[in-house]
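*Asks:* The sequence and its predicted three-dimensional model are supplied below.
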Amino acid sequence: LAKTTQPISMDSYEGQEVNITCSHNNIATNDYITWYQQFPSQGPRFIIQGYKTKVTNEVASLFIPADRKSSTLSLPRVSLSDTAVYYCLVGDGLNYGGATNKLIFGTGTLLAVQP
Amino acid sequence: EPEVTQTPSHQVTQMGQEVILRCVPISNHLYFYWYRQILGQKVEFLVSFYNNEISEKSEIFDDQFSVERPDGSNFTLKIRSTKLEDSAMYFCASSDATDISNQPQHFGDGTRLSIL
């Protein structure tokens, strides 16, 4: 599994757009990029996943440049409730019969949204 | 939206006692996982389970740990003789293997295990 590097923490204000960038220089051809969000005392919650270019859902957008060595999670107009730890994970999204897709979490980025 | 549910939310146990943590994965999912998170630390993989057997386990998952899918809906983690260092949040997750291009794992909200 490719190693990822992301900022330890970020600060923002309500209503702003927040972009969290993750580096994954050793990403493999089959690897997908997945972002999770975790609130205190809760399990990680899947936000978005992508392979290349741009992916958008109702919560966030994920921008992946052509070389795929980094990715940026974009949260539009954050609110206080978006304060959480955000994890970038890179791994093979395919399951080969009995093979698994264990997730290797780093320390994540603690996003603090202030009023 | 279907979700993974875990019980109990908090378990307090004396050191040396056995504990069973329970999970109900999302109903059509085929892959099941346990992770743990010691307070203030990273989320760590423990074990994955598919087709009624362990697919992969980490170094943490020693002989004191076992997993079972006793029926069609529950997935359990047993710790035979708990130690103080087993105190952590334990998260269950499941994923759908039918869509091989997009298989995010969905997590429950965890069981906080406190060993006294």
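*Replies:* Great, that's in hand. Numbering: from 1, shown residues only, chains lettered A, B, ... in the order given.

*Asks:* Right, and chain B sits closest to which residue of chain A?
*Replies:* A:Gly43 (3.4 Å; CB to the nearest CB). Using the backbone N, CA and C atoms, a C-beta is placed for each residue, glycine as well.

*Asks:* What residues does that residue make contact with?
*Replies:* Counting by CB atoms under 8 Å, 6 or more residues apart in numbering or on different chains, A:Gly43 touches B:Val4, B:Phe91, B:Ala93, B:Phe107, B:Gly108, B:Asp109, B:Gly110.

*Asks:* cutoff 7 Å now
*Replies:* B:Phe91, B:Phe107, B:Gly108, B:Asp109, B:Gly110 (CB atoms under 7 Å, 6 or more residues apart in numbering or on different chains).

*Asks:* ok, and which of these reach chain A?
*Replies:* B:Phe91, B:Phe107, B:Gly108, B:Asp109, B:Gly110 (CB under 7 Å from any CB of the partner chain).

*Asks:* could I get those as a markdown table with neighbour count, secondary structure and distance to B:Glu18?
*Replies:* Formatted as a markdown table, the ones next to chain A among the contacts of A:Gly43 follow (neighbours: other CB atoms under 10 Å in any protein chain shown; DSSP: H, G, I helix; E, B strand; the rest coil; distance: CB to CB, whole Å):
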| residue | neighbour count | secondary structure | distance to B:Glu18 |
| --- | --- | --- | --- |
| B:Phe91 | 27 | strand | 20 |
| B:Phe107 | 25 | strand | 24 |
| B:Gly108 | 24 | coil | 21 |
| B:Asp109 | 18 | coil | 23 |
| B:Gly110 | 25 | coil | 19 |
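
*Asks:* Quick check: pLDDT value at the closest residue to A:Gln42 other than its chain neighbours.
*Replies:* Of all residues not flanking A:Gln42 in the chain, B:Asp109 sits nearest, at 5.1 Å (CB to CB, 6 or more residues apart in numbering or on different chains). At B:Asp109, the pLDDT value in this model is 94.

*Asks:* wait, isn't B:Asp109 in contact with B:Gln6?
*Replies:* Yes - B:Asp109 lies in contact with B:Gln6 (CB atoms under 7 Å); the separation is 6.3 Å.

*Asks:* Do I have it right that B:Ile20 meets B:Lys78?
*Replies:* Yes - the pair B:Ile20 / B:Lys78 is scored as a contact, 5.0 Å apart, by CB under 7 Å.

*Asks:* Compute the distance between B:Pro70 and chain A, please.
*Replies:* Distance, B:Pro70 to chain A, by CB to the nearest CB, to the nearest Å: 20 Å.
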